[in-house]
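>>> dropping the sequence and predicted coords here.
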Amino acid sequence: MTRLLFQSKYHSSILIFITLILASCEKVIEVPINEEEQSYVLEGVLKDRDSASFFKVSKTKATYDNNGFEVVSSAVIKVGDNNGVEYVFEEDPQMPGTYVNYNFVAEENQTYYLSAIIGGELITSSSYSKTKPVIDSLGYQVVSYGQGAQQESFLLPEYYSKDPVDEQNNYRLRIWVNGEEENEYYIGNDYYINGQVYDAQFFGADAEFGDTIFVEMLEMDEKVYDYIYGLSNTLSTGAFSPSPANPPSNLEGNAIGYFAVFMTDTMSMIIQ
């Protein structure tokens, strides 16, 4: 679903954000595939925070069912940077199919290179880290509907930020209310708000006084943005929706999914 969510404080330019009903980044993504095909599924997430980076590796089955993905163990996953430093991600014995390196922290303006051997096959990719985004502040709007005695209201969380002027930016926002992440995910670029101060509302994330709000802002490169945007189109349903197709993965080899470096910022507040 496409929503007009972000409006500049200085004029009426709008940043179009895409609301995604997706699984969390911390879960294996269920990528739509053609039933006759089987592929490895790799989800690689690198972040600029301690113990926040991981890889999840699985394999699709011929058809979707309650156990549509098989976790894959014994993969060899390495990440290199511009300086020739190599990081090994090892499988967590408590979480088969999940590979971690708790000492890895992504840095700004770096290209990271993935080399993964899965089932004897080589999977490669690269992803570029942008400038770290900044959430200036969090707030909320009181939204009322109905009339007279039937009038009701709810609180709509929002955040304030300034887009950097000297680079193209692609964003993803995540929001938790009282520790529970909202199912709606938001992504968008700075096509209409480059270099501007703006505020944005989290439509669908209704809140009440006393609620604790936690927001994570992620900056990604264009290929990762294209993948998530393509995935949102694939998951759209309706009479005029296109036929299911794999989104444009940035992986090379017999795998679907993505490899992403995210620069992040977080902020929390209690609505009072």
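Cool, got the structure.

>>> how about residue 138, phi and psi?
phi -120, psi 150 (degrees, to the nearest 10).

>>> how about the nearest residue to it, chain neighbours excluded?
residue 269 (4.5 Å; CB to CB, 6 or more residues apart in numbering). Heads up, the C-betas are built off the backbone N, CA and C, glycines and all.

>>> residue 187 and residue 231 touch, don't they?
No - Residue 187 lies out of contact with residue 231 (CB atoms under 8 Å); the separation is 9.9 Å.

>>> please enumerate the helices of the stretch 151-272 of the chain.
Assigned by DSSP state H, counting those that start in this stretch, the stretch 151-272 of the chain shows helices spanning 222-235.

>>> now this structure, which segments are flagged as low pLDDT?
Within the chain, the ranges that satisfy pLDDT under 70 run 1-37, 62-68, 232-246.

>>> can you rerun that using 50?
For the chain, the stretches with pLDDT under 50 are 1-28, 35-36, 64, 237-243.

>>> residue nearest the centroid of it?
residue 172 (5.4 Å; CA atoms, centre = their mean).

>>> what sits against that residue?
Contact analysis of residue 172 by CB atoms under 8 Å, 6 or more residues apart in numbering lists 185-187, 217-218, 220, 228, 262.

>>> hmm, try it at 10 Å
17-18, 20, 25, 133, 185-188, 216-220, 224-225, 228, 260, 262, 264 (CB atoms under 10 Å, 6 or more residues apart in numbering).

>>> return the distance of it relative to residue 60.
According to CB to CB, to the nearest Å, residue 172 and residue 60 sit 24 Å apart.

>>> what sits against the closest residue to residue 262 other than its chain neighbours?
Closest residue to residue 262 apart from its sequence neighbours, by CB to CB, 6+ apart: residue 218 at 4.3 Å. By CB under 10 Å, 6+ apart, the contact set of residue 218 is 25, 45, 47-48, 130, 133, 170-174, 187, 224, 260-266.

>>> can you do 6 Å?
Residue 218 makes contact with 172, 262, 264 under the criterion CB atoms under 6 Å, 6 or more residues apart in numbering.

>>> now tabulate those residues in JSON lines and tack on distance to residue 96.
Compiled in JSON lines, the contacts of residue 218 are given as follows (distance: CB to CB, whole Å):
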{"residue": "172", "distance to residue 96": "27"}
{"residue": "262", "distance to residue 96": "24"}
{"residue": "264", "distance to residue 96": "27"}
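
>>> thanks a lot, catch you later.
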